[in-house]
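J.: What follows is a predicted protein model with its sequence.
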Amino acid sequence: MLEIERTANAEEAARRAAELIAAAADDAVAERGSAAIALSGGKTPWRMVEILAGLTLPWESTSLYQVDERVAPAGDPDRNLTHMVAALPLDLQARLRPMPVTDDDLEAAAARYAAELPERLDLVHLGLGPDGHTASLVPGDAVLEVTDRAVALTAERYQDRRRMTLTYPTIDAAREVMFLADGDAKRDPVARLRAGDRDIPAGRVRAERMVLVADAAALGE
């Protein structure tokens, strides 16, 4: 079942999402001694990561994995990592576990990243594209059907880049999945996600605990 966290605007949505991540990290460290959080890219979470960096949480025991990444050179503005690094102060950047998308053998790189993941991520943060994609699970791509790997590559370019992404089994195994969406452009995919529409990639996520943090515009309220 998808829980809804309503906020008035994008700034409040970013803050609430950051608070939920911090709470998940606190709980994980208290219960298991470490926290594993996976963050998605896109413009919406940039402010969330900035706010998160200013919150009190057990950073020394927290690892930040990537949900997905574009296959692009280091430092490229298309890279999600580029913006994560910009949003985090220098002392927290060591907590990042970047996807190895600059390797020559991308399939081997994806397998290596999968081997580095914990058995279960404590929280997976997901975005929501206007076309209903989430992570880099994009409409019509063969990556949607991958169930035998924790990390996979899109078969085709999407918005001019191939991507590396966590697969459904990895996302679904997480202790918590948090979607973050804001703005009028997200109104249709948010409505479809809430309806459990499996015709969009986001609608196929089936984690045990899922929450949607969205502002009034995205919720159509």
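T.: Alright, I've got the coordinates.

J.: so what strands line up beside the host helix or strand of Met178?
T.: According to DSSP states H and E, Met178 maps onto strand 177-181. In the sheet, strand 177-181 lines up against strand 123-126 (parallel), strand 210-215 (parallel) (DSSP bridges).

J.: pLDDT of the helix or strand just after that strand, averaged?
T.: Reading on from strand 177-181 to the C-terminus, the next helix or strand found by DSSP H and E is helix 187-194. Averaged over helix 187-194, pLDDT sits at 97.

J.: how far off strand 177-181 does helix 187-194 point, in degrees?
T.: 160 degrees (axes from the mean of the first three to the mean of the last three C-alpha atoms, to 10 degrees).

J.: Of all residues in the protein, which one is nearest the centre?
T.: Ser40 (2.9 Å; C-alpha atoms, centre = their mean).

J.: Can you check the pLDDT for it?
T.: Residue-level pLDDT assigned to Ser40 equals 96.

J.: got a list of what it touches?
T.: Contact analysis of Ser40 by C-beta atoms under 8 Å, 6 or more residues apart in numbering lists Gln66, Val67, Asp68, Asn80, His125, Leu126, Gly127, Thr134, Ala135. From N, CA and C alone the C-beta is placed, and that goes for glycine too.

J.: again with Arg70
T.: Neighbours of Arg70 in contact, by C-beta under 8 Å, 6+ apart: Gly41, Asp76, Asp78, Arg79, Asn80, Val101, Ser136, Arg161, Arg162, Arg163.

J.: So for stretch 94-108, what gets flagged as buried?
T.: By 16 or more other C-beta atoms under 10 Å, the buried positions in stretch 94-108 come out as Arg95, Arg97, Pro98, Met99, Pro100, Val101, Leu106.

J.: Pull out the buried residues from the helix or strand hosting Ala28.
T.: Assigned by DSSP H and E, Ala28 belongs to helix 10-32. Neighbour-count burial for helix 10-32 flags 10, 12-22, 24-26, 28-29 (criterion: 16+ other C-beta under 10 Å).

J.: now stretch 113-120, how far from the centre of its chain.
T.: Averaging C-alpha positions (C-alpha atoms, centre = their mean, to the nearest Å) puts stretch 113-120 15 Å from its chain's average.

J.: one step back: contacts for the strand holding Met178, please.
T.: For strand 177-181, using C-beta under 8 Å, 6+ apart, the contacting residues are 13-14, 17, 20-21, 44-45, 48, 123-128, 134, 171, 189-190, 193, 202, 205, 207, 209-215, 218.
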